[in-house]
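Student: Build me a model from this:
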Amino acid sequence: MKNTRNKNIQGYAFLSPFLILISLFYIAPSVLTIVMSFTSLDGAFIWEWDGFGNYLKIFKDPNTVIILRNTVVYILVTMVLTIILDLFIAIMTTYFIKEEKWSSFFKSLIMIPMITPSVVYSVLWIWFLDASEAGFINRILISVFKGAEPVNWIARYPFVVIIIAQLVVSLAYGSIIFSSAIKAIPDNQFKAAHVDGASEWEIVKTIIIPNISSHIRFIAMWETLGLMTNYINILLLTNGGPLNRTEVWALSAYHKAFVGQKYGYGAAISVLLILVVFMIMLLFKATGGIGRRRGK
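Tutor: Numbering: from 1, shown residues only. Next up is the predicted model:
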């Protein structure tokens with residue numbers, strides 16, 4: 001009994017620096033944000049209790065419906081396209097391309113956007129889509145089609161731009177996860193399918209996808225939660241514009257708190273975001289449990 005107690009004390013002693021850091025940089029700010037959401041804290045830094053006033057403002061704000069719609073469409077479209085392209089890249093570089101050298105080469109290429117700093121990455125997109133004749137795409141357009149006028153791509157297609165920009169960044173992680181999962185499938189399943197005369201599409205549909213279904217659910221959850229909380233690329237590319245056409249929920253919290261200096265209001269938006277993220281995590285956990293029971 002004494003030895004067990006000593007081991008527990010030693011374990012807590014080793015974990016204490018980590019627990020302290022978690023408490024200081026995650027738990028304490030979360031509690032502070034929740035408290036702040038019930039105040040009218042603004043640029044004057046006067047803490048006045050406001051109850052549910054900030055939450056009522058959110059539901060009364062006419063832009064809330066637009067921001068909510070933008071968020072749902074942005075997440076669903078980007079997440080679905082990401083998973084489809086992740087699967088395509090993983091299957092092509094793992095199942096069809098057998099040589100590890102070429103497979104690693106293609107995987108290294110798609111990792112470049114992910115490891116590129118967000119500011120550099122966004123500047124490159126701004127240069128590509130520059131509205132003047134100096135823009136990369138406009139320069140190609142004018143050189144191919146004589147007499148063509150330069151297009152302001154970001155202003156004309158802002159939602160498409162942010163989805164494509166995020167899509168390119170998101171490809172590496174999911175495709176690597178799927179590739180590892182495909183490699184873990186026993187070879188005898190593929191051999192048996194070939195002996196039975198199954199086509200390549202049938203092998204993908206009946207062997208690869210069912211075997212990596214749990215990984216697909218994980219990437220779907222990962223991408224959904226990441227897209228809900230990450231707004232850096234949207235901020236740098238469109239800043240939520242034009243006219244709130246690309247304003248999403250997380251970016252709205254940033255704008256209200258740090259641009260409009262309505263810290264209590266921004267905190268209330270963040271708290272609602274945290275609650276939605278928590279519910280989505282529970283939903284994915286529940287669907288994962290149902291999938292495992294059906295698998296049995």
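
Student: How many neighbouring residues does residue 42 have?
Tutor: 16 (other Cβ atoms under 10 Å). Where C-beta positions appear, they are placed from N, C-alpha and C, glycine not excepted.

Student: So it: helix, strand or coil?
Tutor: coil (DSSP: H, G, I helix; E, B strand; the rest coil).

Student: Report the contact partners of the nearest residue to residue 92 once chain neighbours are set aside.
Tutor: Sequence neighbours aside, residue 106 is the residue nearest to residue 92 in space, at 7.8 Å (criterion: Cβ to Cβ, 6 or more residues apart in numbering). Contacts for residue 106 (Cβ atoms under 8 Å, 6 or more residues apart in numbering) come out as 89, 92-93, 97.

Student: shouldn't residue 155 be in contact with residue 131?
Tutor: Yes: using Cβ atoms under 8 Å, residue 155 is in contact with residue 131, at 7.0 Å.

Student: By residue count, tell me the biggest helix in the chain.
Tutor: As assigned by DSSP state H, the longest helix anywhere in the chain is helix 263-295.

Student: Most neighbours of all the contacts of residue 106, which one?
Tutor: Most surrounded of these: other Cβ under 10 Å gives residue 93, at 22 neighbours.

Student: What is the nearest of the contacts of residue 106 to residue 200?
Tutor: residue 92 (11.2 Å; Cβ to Cβ).

Student: ok so the closest one is a helix residue?
Tutor: Yes: counting by three-state DSSP, residue 92 is found in a helix.

Student: need the helices for the stretch 51-200 of the chain, in chain order.
Tutor: With helices called from DSSP state H, counting those that start in this stretch, the stretch 51-200 of the chain shows them at 53-60, 63-91, 100-115, 118-128, 136-144, 153-156, 158-183, 187-195, 200-203.

Student: out of these, which comes closest to residue 278?
Tutor: Of all these, helix 63-91 comes closest under Cβ to Cβ, at 15.7 Å.

Student: counting contacts, what elements does that closest one pack onto?
Tutor: helix 158-183, helix 213-229, helix 249-254 (3 or more Cβ pairs under 8 Å, 6 or more residues apart in numbering; DSSP states H and E).
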